[in-house]
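A.B. asks: give the three-dimensional model of this entry:
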Amino acid sequence: MSATSHRRIVIGDVHGHYQGLMQLLDSIAPTAEDQVYFLGDLIDRGPQSSQVVDFVKDNSYPCLLGNHEHMLVKILTDKNASTTRVQGWLYGGGQATLASYESGKISQEHLEWFQNLPLYLDLGDIFLVHAGIDPSKTIEEQSAEEFCWIRDKFHSIQKPYFLDKVIIVGHTITFTFPGIAPGKIARGAGWLDLDTGAYHPRSGWLSAFDITNRLIHQVNIFKKSLRTLSLEEASAKVNLSSPKVDRDRNHKLWV
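C.D. replies: Numbers count the residues shown, from 1 in each chain. Have a look, this model is predicted:
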């Protein structure tokens, strides 16, 4: 199979970086026959969240509900949302999202689109979900809290959740795992994490995984540089014997 036909391509957390996404996709050059998927967290922190949403929505690319879209929907649809929750979202990147809309507020069209995003996509041999899965529950028992927000309980699993498919996630910046360098894809027991921290000054890498050809395509948001590596070159295994790191705490300012 050639490197440009019938590919399945999964893109990690974009976080409002439209120009970087365009540079990455120009490099990948997906065709009409390729399938392109987004893991959620299209919005917040970066300067062009509304443009990212328009692009994904207008191209009908399948996209998951990320924790940032989940926060936005809960806040905008809950008339009793507390000031603390609203301020938390704004502080966590929501202010940049609002600024990306000409009106300074989320359009009803986008809100309705967010509300209809799936929590996961089962592609047969691949299972896409934003954050992960609670290993103690069946898929039917999981909720948006697990699919959009889970971290350590999922990352700490010592045997794959599925015997016949790999789980691909975003949500947790990979350099927050012990021994994983900025820009590296993290590998665990039956899972891959593609969130390489596009918005974060320590990284800047936005990553896409060409499943078909086992290639990782990356653009650095700050340096405007591109690279393509094999999955083996681009990834590192998470060491479960390393001292436990509270990634929820690490992400307190970088949800």
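A.B. asks: all strands of the stretch 151-255 of the chain, in order?
C.D. replies: 166-169, 185-188, 191-193, 205-210, 215-220, 226-230, 235-237 (DSSP state E, counting those that start in this stretch).
A.B. asks: just put those strands in a markdown table and tack on distance to residue 120, mean neighbour count and mean pLDDT.
C.D. replies: To be clear about C-beta, it is placed using only N, CA and C from the backbone, and glycine gets the same treatment. Shown next, in a markdown table, are those (distance: least, C-beta to C-beta, whole Å; neighbours: other C-beta atoms under 10 Å; pLDDT from 0 to 100):
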| stretch | distance to residue 120 | mean neighbour count | mean pLDDT |
| --- | --- | --- | --- |
| strand 166-169 | 9 | 23 | 98 |
| strand 185-188 | 17 | 22 | 97 |
| strand 191-193 | 13 | 25 | 98 |
| strand 205-210 | 16 | 26 | 98 |
| strand 215-220 | 22 | 23 | 98 |
| strand 226-230 | 27 | 14 | 98 |
| strand 235-237 | 22 | 16 | 97 |
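A.B. asks: where in this protein is pLDDT low?
C.D. replies: The model of the chain has pLDDT under 70 over residues 1-5, 241-255.
A.B. asks: tell me how many other residues surround residue 91.
C.D. replies: 11 (other C-beta atoms under 10 Å).
A.B. asks: what does it show for phi and psi?
C.D. replies: The phi/psi pair for residue 91 (degrees, to the nearest 10) reads phi -70, psi -30.
A.B. asks: how about the residue of the chain positioned farthest from its centre, what does it touch?
C.D. replies: Farthest-out residue of the chain from its mean C-alpha position, per C-alpha atoms, centre = their mean: residue 80, at 28.4 Å. With contact set as C-beta atoms under 8 Å, 6 or more residues apart in numbering, residue 80 has no partners.
A.B. asks: what's the neighbour count on the closest residue to residue 201 other than its chain neighbours?
C.D. replies: Excluding its sequence neighbours, the residue lying closest to residue 201 (C-beta to C-beta, 6 or more residues apart in numbering) is residue 222, at 7.4 Å. Counted with other C-beta under 10 Å, residues neighbouring residue 222 total 14.
A.B. asks: so how far is residue 133 from residue 222?
C.D. replies: For residue 222, the distance to residue 133 equals 32 Å [C-beta to C-beta, to the nearest Å].
A.B. asks: just residue 27 next, same as before
C.D. replies: 31 Å.
A.B. asks: repeat for residue 82
C.D. replies: As for residue 82, its distance to residue 133 is 29 Å (criterion: C-beta to C-beta).
A.B. asks: now residue 146
C.D. replies: From residue 146 across to residue 133, the span is 6 Å (C-beta to C-beta).
A.B. asks: who's more crowded, those two?
C.D. replies: A direct count of neighbours by other C-beta under 10 Å for residue 146 and residue 133 places residue 133 higher, at 24 against 21.
A.B. asks: contacting residues around the more buried one?
C.D. replies: Residues near residue 133 by C-beta under 8 Å, 6+ apart: 139, 142, 146-147, 150, 154, 161, 167.
A.B. asks: just the residues you listed now: which is nearest residue 99?
C.D. replies: residue 147 (28.2 Å; C-beta to C-beta).
A.B. asks: what's the closest one in contact with, if anything?
C.D. replies: Neighbouring residues of residue 147 by C-beta under 8 Å, 6+ apart: 65, 119-120, 129-133.
A.B. asks: secondary structure and distance to residue 36 added to those residues, as TSV?
C.D. replies: Shown next, in TSV, are the contacts of residue 147 (DSSP: H, G, I helix; E, B strand; the rest coil; distance: C-beta to C-beta, whole Å):
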residue	secondary structure	distance to residue 36
65	coil	17
119	coil	19
120	strand	17
129	strand	17
130	coil	16
131	coil	20
132	coil	22
133	coil	23
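A.B. asks: hang on, residue 225 packs against residue 205?
C.D. replies: No. In this structure, residue 225 is not within contact of residue 205 by C-beta atoms under 8 Å, at 9.4 Å.
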